[in-house]
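Novice: below is the sequence, then the predicted model.
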Amino acid sequence: MNRKEIFLLIGQKGSGKSFVGKIIEKEFGIKFIRVESWIKNIKKGRDVYDEKYIKHSLEMIENGIRQEINKTDKLVFESTGITKYFDRMLESLKEDFRVTTIGIHADSKICLNRVKTRDKTIHINISDNQVITINAKVREKDFTSDFHIDNGAKTNEDLIKELKDILTRYK
């Protein structure tokens with residue numbers, strides 16, 4: 001197995017995956033890949049539930065992650081983790097790299113409010129109903145991650161300490 005490490009943040013839309021990814025990059029020097037910007041470029045009017053779009057998105061993410069990990073020893077990216085294509089991508093990445101999953105959790109109401117107020121230029125714009133539906137699927141899937149972070153009301157300092165505990169286990 002390749003010694004390169006991938007940290008995968010998994011959780012509901014609005015749980016703070018991108019926020020945590022940016023903290024990891026800033027505080028620990030591990031490159032954060034905002035994959036939503038990649039798939040935003042191919043969405044262009046396609047429905048977020050379109051099977052071909054979902055499959056294409058996850059294939060593109062895996063290929064992009066494989067390209068990016070060749071440039072570094074560690075990276076972090078994020079996903080809701082709800083589709084069969086995500087499961088395939090994760091298994092494929094685990095065959096070649098050390099993948100650590102970190103579940104990012106927050107109350108559904110907090111998640112919805114965060115999605116409503118976040119920067120629409122860097123996130124895929126979806127309706128409240130779509131957020132509710134996607135997040136219900138995330139909760140229903142109940143992905144078992146290696147680590148868990150409750151990102152409801154923590155300070156940056158609390159998140160940094162928690163992340164330090166997680167990331168230093170793998171030095």
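Specialist: Nice, thanks for sending it over. Numbers count the residues shown, from 1 in each chain.

Novice: hang on, residue 7 packs against residue 163?
Specialist: No. Here residue 7 lies out of contact with residue 163, judged by Cβ atoms under 8 Å, at a distance of 9.4 Å. The way it works is simple: take the backbone N, C-alpha and C, and place the C-beta from them, glycine included.

Novice: so for these two, which sits in the more crowded spot?
Specialist: Set side by side, residue 7 and residue 163 show more neighbours around residue 7, with 26 against 21, by other Cβ atoms under 10 Å.

Novice: after the helix ranked longest in the chain, which helix or strand is next? Please name it.
Specialist: Scanning the chain for the longest helix, with DSSP state H as the assignment, gives helix 51-69. Next in sequence after helix 51-69, counting helices and strands by DSSP states H and E, comes strand 74-79.

Novice: just the angle between the helix or strand following that following strand and helix 51-69, please?
Specialist: Sequence order places helix 84-96 as the next helix or strand after strand 74-79, per DSSP H and E. Relative orientation of helix 84-96 versus helix 51-69 (axes from the mean of the first three to the mean of the last three Cα atoms, to 10 degrees): 20 degrees.

Novice: can you pull the buried residues of helix 84-96?
Specialist: Across helix 84-96, burial judged by 16 or more other Cβ atoms under 10 Å covers 85-86, 89-90, 93.

Novice: now do stretch 133-143
Specialist: Under 16+ other Cβ under 10 Å, the buried positions of stretch 133-143 are 134-135, 138, 143.

Novice: take those and keep only those in helices.
Specialist: 134-135, 138.

Novice: what's the burial count for residue 28?
Specialist: By other Cβ under 10 Å, 17 other residues sit near residue 28.

Novice: so it touches residue 166, yeah?
Specialist: No. Taking contacts as Cβ under 8 Å, residue 28 lies outside contact range of residue 166: 9.9 Å.

Novice: show me the contacts for the nearest residue to residue 60 once chain neighbours are set aside.
Specialist: Take residue 60 and drop its neighbours on the chain: the residue closest to it by Cβ to Cβ, 6 or more residues apart in numbering is residue 38, 6.0 Å away. By Cβ atoms under 8 Å, 6 or more residues apart in numbering, the residues touching residue 38 are 57, 60-61, 64.

Novice: out of those, who's the most crowded?
Specialist: In terms of neighbours by other Cβ under 10 Å, these top out with residue 57 at 26 neighbours.

Novice: so that one touches residue 39, yeah?
Specialist: Yes. Taking contacts as Cβ under 8 Å, residue 57 lies within contact range of residue 39: 4.3 Å.
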